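Novice: structure for the following, please:
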Amino acid sequence: MVDKIFYPQPIIPVGPSKDGGKPQKAGQLVQTSFKDVLENQITTGSLKFSAHAQQRLASRNIQLTPADVAKIKNAVDQAALKGAKDSLIMMDNMAFVVSVKNRTVVTAVDDARMKEHVFTNIDSAVII
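Specialist: Model (predicted):
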């Protein structure tokens, strides 16, 4: 069996940097609050549609305009700011179940199928 020889490294005290304590521009950190970073991620995050939601949109002949998608995205942003995880978003006789955490539309329901439909596993509702 081979024994390893340990050579201790000398402890060197940390002193001021050679450039007078000024941070370097390349490594300079920008101070931003967690709230600002979170709000930036929420507002710049895109909205995705799951394969199931895409099937439901196609089979139920639901057509969304870019303005409709923007409204849904804003509703998801509002739900996220309130701490929602899974939300029901109701808009213009349509309903969408959205995973707020993943920013993904899970399913879509039109007004004809909404009358006898029970929505489960949601913790919030946004009506727009």
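Novice: so where's this structure shaky on pLDDT?
Specialist: 1-4, 6-7, 15-30, 37-45 (pLDDT under 70).
Novice: pull the longest helix from it.
Specialist: When the chain is scanned for its longest helix (criterion: DSSP state H), the result is helix 66-81.
Novice: for that helix, give me every contacting residue.
Specialist: 39, 42-43, 46-47, 64, 87, 89, 91-92, 96, 98, 100, 103, 105, 124, 126, 128 (CB atoms under 8 Å, 6 or more residues apart in numbering). Every residue, glycine included, has its C-beta placed from N, CA and C.
Novice: which of those residues fall in strands?
Specialist: 87, 89, 91, 96, 98, 105, 124, 126 (DSSP state E).
Novice: compute the first-to-last residue distance for stretch 93-104.
Specialist: 20 Å (CA to CA, to the nearest Å).
Novice: and the contacts of that stretch?
Specialist: Under CB under 8 Å, 6+ apart, the answer for stretch 93-104 is 45-50, 53, 62, 72, 75-76, 79-80, 84-90, 105-111, 114, 117, 119, 122, 124.
Novice: quick check on those: which are buried?
Specialist: 47, 49-50, 53, 72, 75-76, 79-80, 84, 86-90, 105-109, 122, 124 (16 or more other CB atoms under 10 Å).
Novice: returning to that earlier point: got the angle for the longest helix of the chain vs strand 86-91?
Specialist: With axes from the mean of the first three to the mean of the last three CA atoms, to 10 degrees defining the directions, helix 66-81 sits at 140 degrees from strand 86-91.
Novice: what would helix 66-81 look like as CSV? C-alpha coordinates only.
Specialist: Extracted C-alpha coordinates of helix 66-81, given in CSV (Å, rounded to 0.1, in the frame of the first residue of the first chain):
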residue,chain,number,x,y,z
PRO,A,66,-51.5,37.4,-31.2
ALA,A,67,-53.6,39.8,-29.1
ASP,A,68,-55.4,36.9,-27.5
VAL,A,69,-52.0,35.2,-26.7
ALA,A,70,-50.8,38.5,-25.2
LYS,A,71,-53.9,38.7,-23.0
ILE,A,72,-53.3,35.1,-21.8
LYS,A,73,-49.6,35.9,-21.1
ASN,A,74,-50.6,39.0,-19.1
ALA,A,75,-53.1,36.8,-17.1
VAL,A,76,-50.3,34.3,-16.4
ASP,A,77,-48.0,37.1,-15.3
GLN,A,78,-50.8,38.4,-12.9
ALA,A,79,-51.3,34.8,-11.5
ALA,A,80,-47.5,34.4,-11.0
LEU,A,81,-47.2,37.6,-9.1
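Novice: thank you kindly, that will do.
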